[in-house]
Every structure is written in structure tokens, then in C-alpha cells.
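> Structure, please.
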Amino acid sequence: MIIAAIFCDSDGLVIGFKVQNHGDPIVCAGVSSLVINTVNSIEALTKLTSAHYIVKCDAQAGSIGLKLKKSVYRASGAGLLLDALALGLANSSAQYPSEIKLSRIYRK
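Next up, the predicted model:
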């Protein structure tokens, strides 16, 4: 089962995510595409640099995550990209509830 967490700031705005484990190959491929595209888009389409966010990837463990260091960095376009990922993961989780467990974690 794929375990996905969406990290939100105290206002409920998405500031990051972590996805881990594997599942059904087709569902896993879809989730992987959403996640990798989000990371690549933040790197290529925003003015943020690696100083603005943390990316952790462990291919052997099957996990990847990205977290903005400050909520204000959402304004760079990263917020829209992270919101789109959260929407895609929520839709995928609703369609494949036995394959994806999705949670939201709020920072106080």
C-alpha cells in the first residue's frame, strides 16, 4: 500500500508531502508520475532553489518527500504545484482506497 502524507502549515496550506511504499504497479506508476512531476516542476518552473526546500529521496525504500522551508515560498508558484499534487493524490486515493492511504499533517 502506498502511504502518502500532505504537510500543511497552520493555515491549512500545503507546504510539502511524503510518499512511501509501493502498491499495484499501475497505481504506483500514476502516483510516481504525479510526485516526480511536482518535484521537477518546482525545480524548473519556480524561482526557488534548494535553499528554499528540502527534498529527500530513498529509491531503495521507495520514498520521496519535499517540504518548503517557509510557507511564504508558496507564492513562487510552488503552492499551486503542491495544491495540484494534493488534489491528484486525493482523487487517486478516492478511486483506489485499498491502494493509497492519504493523510494530512498540520503544523502548529
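
> Only C-alpha atoms from now on, for both contacts and neighbour counts.
Will do.

> State the helix or strand in which the residue positioned nearest the centre of the chain lies.
In the chain, the centroid-proximal residue (CA atoms, centre = their mean) is residue 17; its distance is 3.5 Å. Here residue 17, judged by DSSP states H and E, is contained in strand 14-20.

> could you give me the average pLDDT of that strand?
For strand 14-20, the mean pLDDT works out to 98.

> what comes into contact with it?
Residues outside strand 14-20 that contact it (CA atoms under 8 Å, 6 or more residues apart in numbering) are 2-9, 61-68, 70-71, 74, 79, 82-83, 86.

> mind redoing it with 7 Å?
The contact list for strand 14-20 (CA atoms under 7 Å, 6 or more residues apart in numbering) reads 2-9, 62-68, 71, 79, 82-83.

> max-length helix in this protein?
With secondary structure taken from DSSP state H, the chain has its longest helix at helix 25-45.

> Give me the helices and strands touching that helix, please.
helix 78-95 (3 or more CA pairs under 7 Å, 6 or more residues apart in numbering; DSSP states H and E).

> ok so, going back, any of the contacts of strand 14-20 buried? List them.
Burial by neighbour count, judged by 16 or more other CA atoms under 10 Å, picks out 2-8, 63-68, 71, 79, 82-83 from those.

> sorry, back to before: helix, strand, or coil at the closest residue to the residue nearest to the centre of the chain other than its chain neighbours?
Nearest non-adjacent residue to residue 17, counting by CA to CA, 6 or more residues apart in numbering: residue 6, 4.4 Å away. At residue 6 the chain is in strand, as set by DSSP: H, G, I helix; E, B strand; the rest coil.
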